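**Q** coords below, sequence missing:
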């Protein structure tokens, strides 16, 4: 026993059984290796597939609509029962002309409002949650914030259109509009205040939807701030407010920017809630902050049905072009967020849901 | 004289600092309330609209007979299908990104590319994916509005999330576990199955549940892939429209008939309950594993 030489491989008994086991062992490893590689490649394939499908489907619209697609405001499907004309060899219903400027502007405006409202609130809430709240309060509150992130967007839409929108239009917007002077920026806040479906309501609901995204990342970031730095600042006699301003916030500034851009990505792609709350007006941009508008995503979901009536398929092609524009914007914004966060390890929920 | 003035100025300065502190505390609490109030408001609002007209027949009748049983079954069917499809692909991708990383220059780059693609896909607006599903699968492959395109598109949406949560929960498995398995002569596949996945399991399941909660709440990508029917869904993968709970909420809330609007509120309530069950389940798993980890240590 003591004198026996060390066997080459304990787990491989000699003979046929050993050979079989060895084969099984390597084949299991190969199974895991190949199977998981295939799974990891699939998202890449799916991404390429989606972009190619949109580009092919949208190509006729890209040719015909040209660069005017980004500057024109008209959204006219043309006469779907009338004659078909040919522009650059593409069949187009007579009189059809599409411009996506109101959709693009509406997407940017509503997301901007959402971001302006959401970022300070998310940071404030994250501070309240990570600072000195007793645990029995902090726990249920944190779960409520998580729940807010999980509420389906169609429920936000329902709430926005039957509860929040009418309430704001009745009790909040008119007083604001009545005190606004007729000067360049504030003119945008003047009456008419409308019925609650529009830009500001959309922005507010979007803000509520993206706050949990920004807050969750911000809470993680605050937890990573070295306690030593904060304790040191406290020991110098700083108040909580001063520690936050001069130690905590500078430490996490970059991460918060990344989280905000991630929230922006979600706001840009939000679909069903905005299809319900925005007022879904086509053909012109918002005249004031209360007026009905639409976004790229909301237009795609609300117009796809009626685009089927265009027998030339040009309406669907135009929606594909709009979808491609939205996809490019969202990808760019998310890439920006990742660059800013620089591979933060936190898990983020998918953005741009609907 | 000078002493008094410094004392005076320092006391006003202290007052200003104290005021700043109260202001700060007040603002953070206000921000927290601004987050909590809408959450509670939405939940209570849905309860207040759904409960007064609630009938349990909603759970047993199809929409053709004034209920939602078909939508409930359809949503469960879709959720189960996404759980299987996106679960396999997402967990597989997560395992690859966490465990199979090779050190060569090219494979590191390839992994970076795959990880990047996953992140970019997670930023894709769901309606864009739904539209792609409509063009390519529903029309292009002549599948019609049906279960399979819906499953594929929803899976595309949540796979990045599952992959990411799998990757980060496997990254938290101590390296010593893997080294121990190696030292015992386990093959990589064996050690993955018996050691690494076992201890990363709770995290993976949590990620999967949260992903399913997201899938349950989707409307836009389903409108043009799953379609809608008033009847019970069939198990056919193609050429058979599937009902789901988010559709009545979106389509019926502004209908003139009271009964349809009540159906919209009922569907909203059921959605909320389903999402809550999934999220609470995820939370319980996290809490349980944390407690176990603490006692073991």
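**A** Nice, thanks for sending it over. Since this is a predicted model, take the numbers as computed values, not measurements.
**Q** Please read off the pLDDT at the residue lying closest to residue B:237 once chain neighbours are set aside from the model.
**A** Nearest in space to residue B:237, with sequence neighbours left out and distances taken as CB to CB, 6 or more residues apart in numbering or on different chains, is residue B:148 at 4.2 Å. Backbone N, C-alpha and C define where each C-beta goes, glycine included. For residue B:148, the pLDDT comes out at 95.
**Q** Just the element for residue B:148, please.
**A** helix B:147-171 (DSSP states H and E).
**Q** just checking, what packs against that helix?
**A** Applying 3 or more CB pairs under 8 Å, 6 or more residues apart in numbering or on different chains; DSSP states H and E, we find helix B:147-171 packed against helix A:16-65, helix B:69-99, helix B:105-122, helix B:126-133, helix B:197-216, helix B:220-223.
**Q** What distance do you get for the residue nearest to residue B:237 to residue B:267?
**A** From residue B:148 over to residue B:267 the distance is 24 Å, taken as CB to CB, to the nearest Å.
**Q** Those two - which one has more neighbours?
**A** residue B:267 (31 against 23; other CB atoms under 10 Å in any protein chain shown).
**Q** Centroid-nearest residue for chain A?
**A** Geometric centre of chain A, nearest residue: residue A:266, 1.1 Å, by CA atoms, centre = their mean.
**Q** wouldn't that one be in contact with residue A:211 here?
**A** No: using CB atoms under 8 Å, residue A:266 makes no contact with residue A:211, being 10.6 Å away.
**Q** intersection of neighbour lists for those two?
**A** Counting by CB atoms under 8 Å, 6 or more residues apart in numbering or on different chains, no residue touches both residue A:266 and residue A:211.
**Q** Give me the contacts around the host helix or strand of residue A:228.
**A** Taking DSSP H and E as the criterion, residue A:228 maps to helix A:227-235. The contact list for helix A:227-235 (CB under 8 Å, 6+ apart) reads A:242, A:243, A:246, A:247, A:248, A:251.
**Q** Now do the first one against chain B, distance only.
**A** Going back to what we said before, that points to residue A:242. 7 Å (CB to the nearest CB, to the nearest Å).
**Q** Kindly report the same for the third one.
**A** Going from residue A:246 to chain B by CB to the nearest CB gives 12 Å.
**Q** Poorly predicted segments of the stretch 151-297 of chain B, please.
**A** The stretch 151-297 of chain B contains residues with pLDDT under 70 at B:291-297.
**Q** Point me to the residue of it nearest chain A.
**A** residue B:217 (2.6 Å; CB to the nearest CB).
**Q** which ones are touching residue A:158?
**A** Residues near residue A:158 by CB under 8 Å, 6+ apart: A:276, B:46, B:249, B:253, B:264, B:268.
**Q** Give me the domain ranges for chain B.
**A** Chain B resolves into domains spanning B:2-52, B:56-296 when parsed by automatic domain parsing.
**Q** what comes into contact with stretch A:315-327?
**A** A:50-51, A:54-55, A:57-62, A:65, A:69, A:77, A:93, A:96, A:98, A:100, A:103-104, A:107, A:268-269, A:296-297, A:299-300, A:303-304, A:306-310, B:124-125, B:127-128, B:131-132, B:135.
**Q** What's the ChimeraX line that selects buried ones from those?
**A** The buried subset of the contacts of stretch A:315-327, as determined by 16 or more other CB atoms under 10 Å in any protein chain shown, is captured in ChimeraX by this line:
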select /A:50,51,54,57,58,60,61,62,65,69,77,93,96,98,100,103,104,107,268,269,296,297,299,300,303,304,307,310 /B:124,125,127,128,131,132,135
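**Q** quick one on the thing from earlier: just checking, next helix/strand downstream of the helix holding residue B:148?
**A** Next helix or strand after helix B:147-171 toward the C-terminus (DSSP H and E): helix B:175-183.
**Q** in that next one, what's buried?
**A** The neighbour-count check on helix B:175-183 (16+ other CB under 10 Å) flags B:178, B:181 as buried.
**Q** helices or strands next to it in the packing?
**A** Here helix B:175-183 touches helix B:188-191, going by 3+ CB pairs under 8 Å, 6+ apart.
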